[in-house]
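> quick one, what's the 3D model for this:
(one chain, ligands or ions: 1)
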Amino acid sequence: MNRTLGVCYYPEHWPEAQWADDAARMAKLGLSHVRIGEFAWSRLEPKRGAYDFDWLRRAIDTLHAAGLKVVLGTPTATPPKWLVDEMPDMLPVGADGAVRKFGSRRHYDFSHDGYLEECKRITLTLAKAFGEHPGVTVWQTDNEYDCHNTTLSYSPAARVGFQAWLQQKYQSPDSLNRAWGNVFWSMEITEFGEIELPNLTVTEANPAHVMDFRRYASDMVVRFNKAQADIIRAHSPGRDVIHNFMGRTLAFDHFAVGADLDISSWDSYPLGFLEDRSDQGDAWKQQFARAGDPDFQAFHHDLYRATSKGRWWVMEQQPGPVNWAPHNPAPRDGMVRLWSWEAFAHGAETVSYFRWRQAPFAQEQMHAGLLAPDSIEAEGFFEAAQVAKELASLETELEANPGRADVAIVFDYASAWAWEIQPQGREFDYFRLVFDFYRSLRKLGLSVDFVPASAPELEGYPLVLIPGLFTWTPGMVDAIRTYDGQVLIGPRSGSKTDDFAIPESLPPALPANILGVRIARVETLRADTPVQLTKGGTFQFWREFLETGQGTETILTAEDGVPALVKQGNVHYLGGWPDQDLLKDILLRLTNEAGLTTKELNDGVRLRRHGKHVFAFNYSAASFDLALLGWAGTPLLGKLVLEPSGVSVVPLPDAGY
Ligand code: GAL
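Okay, the predicted model is just below:
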């Protein structure tokens, strides 16, 4: 594999006279890919049908002439004013019933058939014009689905679309009434046209109703993306189709969108995310303010790698301070380089920086680029240059792919929707739960793969975790039955049917020969009222009252005598949300049974296995001697004493594996 660097560029923001110089500097810096075009609709079609593609052709020609490969974006995240004025009902509607207006971006409704047709038209016209251009090697569909919370829209178009979707799914109003339990509170309907969207109700809407709306909304994103991907494939043979996902965004099923992509990518803003999207307290945020959370990026690298069968990029990498978080510090020296290498360690093909030059105008004028607005190199530029050099020297040493990880976590977007709809306790958040498990594994030096619940291939993993899974998808129970490694299920896994009801046999609803456990009661807890376990550790936020059958062995018990962790053969069930220390102890027990090598790491040092090598990363502000972990020899990159922001790589035996 040829690992490459790239950058996001907006030729329409700069005088044409500057393009050739920009392209030459990009190539000299060691970049290979340039993403352009994704917000340029008003310049590509200033009036309906009056296409102006000449400037884009000249821009692509200029980049191509400099030896750069173009990632061309479809401009559908920013419909122009004339189009919105032609069909104002394409605008999205918030849960508060208010229309979200023109004047920024992503002002469209995924359900709107008219807008979908417009997107197909502009995609087709662009694909015909540039599909065979030798400089265009990849197409990006739209930009960041769900950015600014745009998956859910409560528009008239969504209502009509949802009704048709439900009719297709349930066939008759009676079967819908039964599935949703509409006899409760007299919610029964007699025809599909009566169904409302689940917003602006007096108190909470029926969870089954909301769940179907979430599924419908996700399907609309899939439909939207597929429409573009199909057109691009038909007119741009041999090019890859990519989309750029976001951090901690669960509103649509990324596995389903990924099925229509050749490559997944995501936009990695470590400092913005720490401020904006972390559940950690202030001490943690302070500690990592200039480094980013040591596990957040890694989590998404691993998750998105799974959404498109292994091929993935970072499409936008933070190069300096951003503009959109509550506070926007500058990265510590070396962190832009570290983030780039962490992505490659997890198997990225390309890391592309956002953006080439800081824009002096409009919404993102305070967002850094590789260049300052006056075109002088900014800090990120020099770190990108260093990565480019290091990549060239390591290319032949590193394997093409990271290979199978130590542990698999089963991941499921529907579970995120379910627990958002019915948290039962304020802190019960699916991402937070899975992330806790992920972080604990990483703190033990383990590498992780995610596996979709919709296609659970567990073979070959010594250990599999299944936290918080809403319902047993078809195939999941069989996968557990035939799996012979160690498996940890729970909390809350298998606790609902697909119709959002409590299963007849009560959770976790597994056949007794897999796991003879019955959970008739759960409770949720304030953070200051945890449940103590007899051997130390606590359950926080969520706890279940397990009743066990004959074949199960109780491993841990709460102080009130209720089993906390039980085991039947290789299947373990965890009846609560463990604190970090307890989770570590449980995972150490399981990794031990699974025969995995662990390394206990401090808060800021992380490892990632890549083929026959191990990477080490230092997110903390203090040096760390890797000899303490048993590392020896001379690293291919970096040193055994890992400086703050340091990166080191050694072959597996030198890292003690
Ligand atoms: C991303 C987006 C970019 C830019 C960037 C700023 O979410 O895709 O267009 O807005 O954030 O950090």
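> could I get the buried residue list for the helix or strand containing residue 219?
Secondary structure assignment for residue 219, by DSSP states H and E: helix 207-235. By neighbour count on 16 or more other CB atoms under 10 Å, the buried set for helix 207-235 is 207-222, 224-229, 231-233, 235. (Each C-beta comes from the backbone N, C-alpha and C, glycine too.)
> what of stretch 512-528?
For stretch 512-528, by 16+ other CB under 10 Å, it's 514-519, 522, 524-525.
> any idea how far the helix holding residue 219 is from the chain center?
17 Å (CA atoms, centre = their mean, to the nearest Å).
> check stretch 192-202 too.
Counting by CA atoms, centre = their mean, stretch 192-202 comes out at 30 Å from the chain centroid.
> contacts for that stretch next, please.
For stretch 192-202, the surrounding residues in contact (CB atoms under 8 Å, 6 or more residues apart in numbering) are 95-97, 154, 158-159, 162-164, 166-167, 173, 176, 189, 205-206, 209-210, 213.
> for that stretch, what is the average pLDDT?
Looking at stretch 192-202 alone, the average pLDDT works out to 98.
> next: stretch 602-616.
97.
> now swap in stretch 227-237 and tell me
The average pLDDT within stretch 227-237 is 98.
> what sits up against that stretch?
74, 76, 116, 119-120, 123-124, 127-128, 130-132, 136, 139, 141-142, 239, 241, 260-261.
> now do stretch 646-657
334, 337-338, 341-342, 345, 394, 398, 597, 599, 607, 609-610, 612-618, 623, 626, 629-633, 635-640, 642.
> from the chain's centre, how far out does that stretch sit?
Offset of stretch 646-657 from its chain centre (CA atoms, centre = their mean): 28 Å.
> what's the end-to-end length of that stretch?
21 Å (CA to CA, to the nearest Å).
> do the same with stretch 128-148
Termini of stretch 128-148 sit 31 Å apart (CA to CA).
> make 22 the starting number, not 1.
Done: numbering now begins at 22, and the last item shifts to stretch 149-169.
> confidence score at the residue in the stretch 22-171 of the chain positioned nearest to the ligand?
Nearest residue of the stretch 22-171 of the chain to the ligand, counting by CB to the nearest ligand atom: residue 165, 4.5 Å away. Note on residue 165: pLDDT of 98.
> how near is residue 219 to residue 517?
Residue 219 sits 17 Å away from residue 517, taking CB to CB, to the nearest Å as the criterion.
> more neighbours: which of those two?
residue 517 (25 against 22; other CB atoms under 10 Å).
> would you format the buried residues of stretch 533-549 as a markdown table with distance to the ligand, pLDDT and secondary structure included?
Listed next are these as a markdown table, based on distance: CB to the nearest ligand atom, whole Å; pLDDT from 0 to 100; DSSP: H, G, I helix; E, B strand; the rest coil:
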| residue | distance to the ligand | pLDDT | secondary structure |
| --- | --- | --- | --- |
| 535 | 43 | 97 | coil |
| 536 | 42 | 97 | coil |
| 537 | 48 | 97 | coil |
| 538 | 43 | 98 | strand |
| 539 | 45 | 98 | strand |
| 540 | 40 | 98 | strand |
| 543 | 37 | 98 | strand |
| 545 | 33 | 98 | strand |
| 546 | 35 | 97 | coil |
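> these: which two are farthest apart?
535 and 546 (28.3 Å; CB to CB).
> name the nearest residue to the residue lying farthest from the centre of the chain, ignoring sequence neighbours.
Taking CA atoms, centre = their mean, the residue of the chain most remote from its mean C-alpha position is residue 571, at 40.5 Å. Once flanking residues are discounted, residue 571 sits nearest to residue 537: 6.8 Å by CB to CB, 6 or more residues apart in numbering.
> spit out the contact partners of the one you found.
569-573, 589.
> what's next to the host helix or strand of residue 27, contact-wise?
If you go by DSSP H and E, residue 27 is part of strand 25-29. Around strand 25-29, the neighbours that count as contacts under CB under 8 Å, 6+ apart are 47, 50-57, 92, 334, 336-337, 361, 370-377, 391, 405, 408-409, 412.
> how about the next helix or strand after that strand: buried residues?
Note on strand 25-29: by DSSP H and E, the next helix or strand toward the C-terminus is helix 40-50. Within helix 40-50, the residues that count as buried by 16+ other CB under 10 Å are 40, 43-44, 46-48, 50.
> is it true that residue 609 touches residue 619?
Yes - assessed by CB atoms under 8 Å, residue 609 is found in contact with residue 619 at 6.6 Å.
> and for the two, which residues touch both?
Common contacts of residue 609 and residue 619, defined by CB under 8 Å, 6+ apart, comprise residue 465.
> not counting residues beside it along the chain, what's closest to residue 420?
The nearest residue in space to residue 420 (CB to CB, 6+ apart) is residue 632, at 2.8 Å.
> report the contact partners of the one you found.
419-424.
> buried ones among these?
419, 423.
> what's near enough to touch residue 274?
Contact analysis of residue 274 by CB under 8 Å, 6+ apart lists 239, 243, 434-435.
> for this protein, which residues are neighbours of the ligand?
For the chain, the contact set with the ligand under CB under 6 Å from any ligand atom comprises 164-165, 168, 288, 290, 337, 343, 345, 375, 385, 388.
> and for the closest residue to residue 620 other than its chain neighbours, the neighbour number?
Setting aside the residues directly before and after it, residue 620 is nearest to residue 466 in space (CB to CB, 6+ apart), at 3.3 Å. Counted with other CB under 10 Å, the neighbours of residue 466 add up to 25.
> helix, strand, or coil at the closest residue to the ligand within the stretch 422-571 of the chain?
Proximity of the stretch 422-571 of the chain to the ligand (CB to the nearest ligand atom) peaks at residue 452, 17.8 Å away. Secondary structure, DSSP: H, G, I helix; E, B strand; the rest coil: residue 452 is helix.
> residues in contact with it?
Counted by CB under 8 Å, 6+ apart, residue 452 has contacts 269, 271, 437.
> that older thread, between the buried residues of stretch 533-549, which is nearest residue 447?
Nearest member of those to residue 447, counting by CB to CB, is residue 545, at 7.9 Å.
> wait, that closest one touches residue 563, no?
Yes - between residue 545 and residue 563 there is a contact at 5.5 Å, judged by CB under 8 Å.
> shared neighbours, those two?
Common neighbours of residue 545 and residue 563 (CB under 8 Å, 6+ apart) are 445-446, 448-449.
> could you export those as a markdown table, including neighbour count?
Listed next are the shared contacts of residue 545 and residue 563 as a markdown table, based on neighbours: other CB atoms under 10 Å:
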| residue | neighbour count |
| --- | --- |
| 445 | 14 |
| 446 | 18 |
| 448 | 17 |
| 449 | 19 |
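> now, the most widely separated pair of those residues?
445 and 448 (10.0 Å).
> so what sits against both of those two?
Taking CB under 8 Å, 6+ apart as the criterion, residue 445 and residue 448 both touch 545, 563.
> look up how far residue 216 lies from residue 400.
54 Å.
> let me redo that: residue 170
Residue 170 is 23 Å from residue 216, by CB to CB.
> between the two, which one's more packed in?
Summary of the neighbour comparison: residue 170 and residue 216, criterion other CB under 10 Å, with residue 216 having more neighbours (20 against 14).
> quick one on the thing from earlier: return the residues in contact with the residue of the stretch 22-171 of the chain closest to the ligand.
Neighbouring residues of residue 165 by CB under 8 Å, 6+ apart: 98, 127, 265-267, 288.
> now, the contacts of stretch 667-678 that are in helices?
358-359, 362-363, 366, 415 (DSSP state H).
> mean confidence score for the top strand by length along the chain?
Counting by DSSP state E, the longest strand found in the chain is strand 559-569. Over the span of strand 559-569, the pLDDT mean works out to 98.
> which residue ranges of the stretch 322-471 of the chain form helices?
For the stretch 322-471 of the chain, the helices defined by DSSP state H, counting those that start in this stretch occupy 356-366, 400-415, 434-442, 451-464.
> same deal with the stretch 472-621 of the chain?
Under DSSP H, counting those that start in this stretch, the stretch 472-621 of the chain gives helices at 497-503, 601-615.
> out of these, deepest packed?
Neighbour counts (mean count of other CB atoms under 10 Å) averaged over each of the helices of the stretch 472-621 of the chain peak at helix 601-615, with a mean of 18.
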